[in-house]
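Trainee: Return a 3D structure for these sequence lines:
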Amino acid sequence: MKIEYIFIFFFLKIKSRLIKFIYSRYNKFNYPNYIKVLKNDLNFYSLKVNFFKKKKKIISLKKIELATTLIDVKFKINWKKFTLKYFKDQEDYESLHRWKWVIKYLSQNRLSKENFFWIESQLIEWDNIFGNLNEKNNLVWESYNVSERVSNLILLSKLTNFDFNENVHVILFKHIKYLIDNLEFFGINTGNHIINNSRALILFGIFYNNKKTLKLGYLILKNEIKKMLDKNFMLAEGSTHYHFLVQSWLLEIYYFLQNSKKVNYRYLKFILKKINEVSFFFKKDLNQIPLFGDISPDCTPAWLANIEKSSFYQNEKNPNKGTWNYIWKYKFIKKIHKINKSKLILLNSGYIKLKLNDHLIILRVQPTYDYKSFYLLNHGHDDIGHILYFYKKIPIIVDSGRYTYKNNLEKKSSFHNSLNSMSLLRNLDFNILYCLNFLLLKCIFKVKANKKFINLIFIKKTNFFTRFFLNLERKIEIQKNEINICDLIKNQNLLSEILITFSPFIRFKLEKNRVFDNILYIKKSSSYKILIGKRLSPGWFVTRYGIRKKTKYLKAVVDSKNIKELNLNLRWEN
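Mentor: Below is the predicted model of the structure:
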């Protein structure tokens with residue numbers, strides 16, 4: 001990596017902040033040249049909203065699922081009660097106003113027409129309270145939240161075949177007018193939100209047969225999605241869960257476009273094939289998404305877990321209720337090419353998969369980026385050298401995870417299954433640290449494998465600032481019934497530590513008369529044992545945004561004056 005890349009990156013960062021300071025966060029100064037100010041024809045409806053003229057029987061939803069919690073609803077949503085201060089986490093408040101809960105409710109296959117009428121009435125009440133577009137710095141009118149409301153409400157109507165009354169149409173038109181003037185182009189900080197903006201515009205354009213909005217949305221999608229993806233076609237934000245989330249947005253767009261003759265969506269179909277190859281890479285031989293980086297508050301990993309074999313690619317025989325796949329169970333969809341090949345390396349994305357018999361390890365290595373891509377790491381963690389380990393598809397060694405967006409500490413290397421240096425760099429901003437890593441660190445890996453064993457050597461080193469950067473050699477050996485992880489420190493006099501987080505799906509029992517201190521039993525079957533030689537401490541494993549389970553982890557502090565090598569051996573016995 002050339003040092004001028006770092007200077008260019010920071011120059012663009014400063015430029016972005018100046019534009020935000022002068023023109024405010026949302027501004028057309030950041031709009032790319034390919035977007036022209038539209039003289040749109042979105043004034044078909046009067047902006048005056050009236051209540052229903054005829055009384056309709058409405059049935060309230062009992063509960064609404066938000067980012068971290070459920071809220072009870074009796075007859076109507078008490079918008080004045082559920083304020084920002086009511087929730088412990090801001091993401092719950094935003095989740096309420098994104099209206100994704102209507103789609104989650106629909107995935108349970110229990111939405112009647114009376115429920116639909118109730119949702120309409122709640123939206124009209126919502127507009128009476130929050131419809132003032134002149135409110136500044138209001139989370140309700142963040143463009144991402146606007147995009148979510150438009151997309152989820154249109155999806156609701158399309159999937160149920162229930163049509164909205166005129167009052168709701170007025171509200172949706174108002175939203176699109178607002179969104180076009182507040183698209184999330186933030187210069188170097190433009191991220192996946194712009195794809196969500198384009199989704200709202202495209203779904204609206206198809207739903208209302210509005211050509212201008214449709215073409216604008218698809219133009220944004222074609223130009224911006226290629227910037228969001230790396231050379232392996234993985235979302236270049238450092239998070240596996242966000243990759244699956246963006247894939248769901250693109251598939252929803254595809255569903256609306258599949259019978260459209262107004263735009264040529266061949267490029268979208270190509271992108272969806274390539275994106276699914278990445279999803280297939282992560283999900284092959286696993287029942288769940290292996291979690292690297294942030295977990296989105298929009299939905300759980302379980303909601304998207306089998307998207308790679310949804311009705312868009314193949315017919316999953318019995319999709320589980322409460323999942324994204326379930327809402328497409330009976331829908332007509334033109335199939336996208338099914339992926340039959342399995343990759344073992346996503347070199348540009350920075351992942352290596354080691355598979356032998358019942359063992360599966362995914363190693364996080366250094367992805368390839370240039371200065372244009374550094375800003376995309378906003379959902380990534382400092383996890384180079386980090387591993388996840390599964391045995392018979394059961395997670396054994398896991399990423400402890402980032403609990404909520406209120407805490408950035410969990411993005412640091414100290415929360416990942418790899419040796420890390422206890423240096424001053426821990427107090428630096430994550431983006432700066434990552435840029436320095438790319439500038440100074442060199443990562444190399446070698447793999448030898450046959451039917452009986454896999455040996456991998458991963459080296460992370462630098463010749464500069466060795467008091468700040470850990471030079472590490474990690475060896476992973478996989479055999480029939482055991483794995484061995486050996487970490488060798490190459491630095492002199494550098495204090496380091498390692499934390500290995502175990503899954504909560506296994507339990508621990510101490511046996512005094514054994515050579516090994518602890519024996520880990522698989523929860524579902526006590527016939528499989530893991531033997532380890534270290535004491536265990538309490539920890540956690542984040543299963544979804546804002547939800548974590550108690551678990552155990554190993555922690556060791558290493559002073560390279562006394563010890564330079566750490567070994568962890570996991571052996572399975574029938």
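
Trainee: out of everything not next to it in sequence, what's closest to Gly401?
Mentor: For Gly401, ignoring the flanking residues on the chain, the nearest one in space by CB to CB, 6 or more residues apart in numbering is Val542 at 2.8 Å. Where you see a C-beta, it was placed from the backbone N, CA and C, and this is true even at glycine.

Trainee: What average pLDDT does stretch 266-278 get?
Mentor: Stretch 266-278 carries an average pLDDT of 94.

Trainee: For that stretch, which outside residues touch it?
Mentor: Applying CB atoms under 8 Å, 6 or more residues apart in numbering, the contact partners of stretch 266-278 are 221-222, 225, 229, 232-234, 243, 246-247, 250-251, 253-254, 257, 308, 312-313, 336-337, 339, 341, 343, 346, 349.

Trainee: Go again with 6 Å.
Mentor: Contact partners of stretch 266-278, identified using CB atoms under 6 Å, 6 or more residues apart in numbering, comprise 222, 233-234, 247, 250, 254, 308, 336-337, 339.

Trainee: possible to save the residues you listed as CSV with pLDDT?
Mentor: Formatted as CSV, these follow (pLDDT from 0 to 100):
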residue, pLDDT
Lys222, 94
Phe233, 93
Met234, 94
Gln247, 97
Leu250, 97
Tyr254, 96
Glu308, 91
Ile336, 89
His337, 79
Ile339, 69
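
Trainee: re the thing from before, what's around the residue nearest to Gly401, how many residues?
Mentor: 21 (other CB atoms under 10 Å).

Trainee: which helices and strands does the helix or strand hosting it pack with?
Mentor: Per DSSP states H and E, Val542 falls inside strand 537-544. Here strand 537-544 touches strand 547-559, going by 3 or more CB pairs under 6 Å, 6 or more residues apart in numbering; DSSP states H and E.

Trainee: partners of the helix or strand just after the strand it packs on, with directions?
Mentor: Under the assignment DSSP H and E, the closest C-terminal helix or strand after strand 547-559 is strand 565-573. In the sheet, strand 565-573 lines up against strand 482-489 (antiparallel), strand 529-532 (antiparallel) (DSSP bridges).

Trainee: Mind listing what's buried along strand 565-573?
Mentor: 566, 568, 570, 572 (16 or more other CB atoms under 10 Å).

Trainee: ditto for stretch 319-336
Mentor: Quick answer for stretch 319-336 (16+ other CB under 10 Å): 319, 322-329, 336.

Trainee: contacts for that stretch?
Mentor: The contact list for stretch 319-336 (CB under 6 Å, 6+ apart) reads 106-108, 159, 248, 258, 272, 303-304, 306, 310-313, 316.

Trainee: Could you export stretch 258-276 as CSV, keeping only the C-alpha atoms?
Mentor: Output in CSV follows, covering the C-alpha atoms of stretch 258-276 (Å, rounded to 0.1, in the frame of the first residue of the first chain):
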residue,chain,number,x,y,z
GLN,A,258,-39.0,-9.1,-13.0
ASN,A,259,-42.0,-8.2,-15.2
SER,A,260,-41.1,-4.6,-15.9
LYS,A,261,-40.2,-3.5,-19.4
LYS,A,262,-39.3,0.1,-18.4
VAL,A,263,-35.7,-0.7,-17.3
ASN,A,264,-33.2,-3.3,-18.4
TYR,A,265,-32.4,-5.1,-15.1
ARG,A,266,-29.9,-7.5,-16.6
TYR,A,267,-27.1,-6.0,-14.6
LEU,A,268,-29.1,-6.4,-11.4
LYS,A,269,-29.5,-10.1,-12.2
PHE,A,270,-25.8,-10.5,-12.8
ILE,A,271,-25.0,-8.8,-9.5
LEU,A,272,-27.4,-11.1,-7.6
LYS,A,273,-25.7,-14.2,-9.1
LYS,A,274,-22.3,-12.9,-7.9
ILE,A,275,-23.5,-11.8,-4.5
ASN,A,276,-25.1,-15.2,-3.9
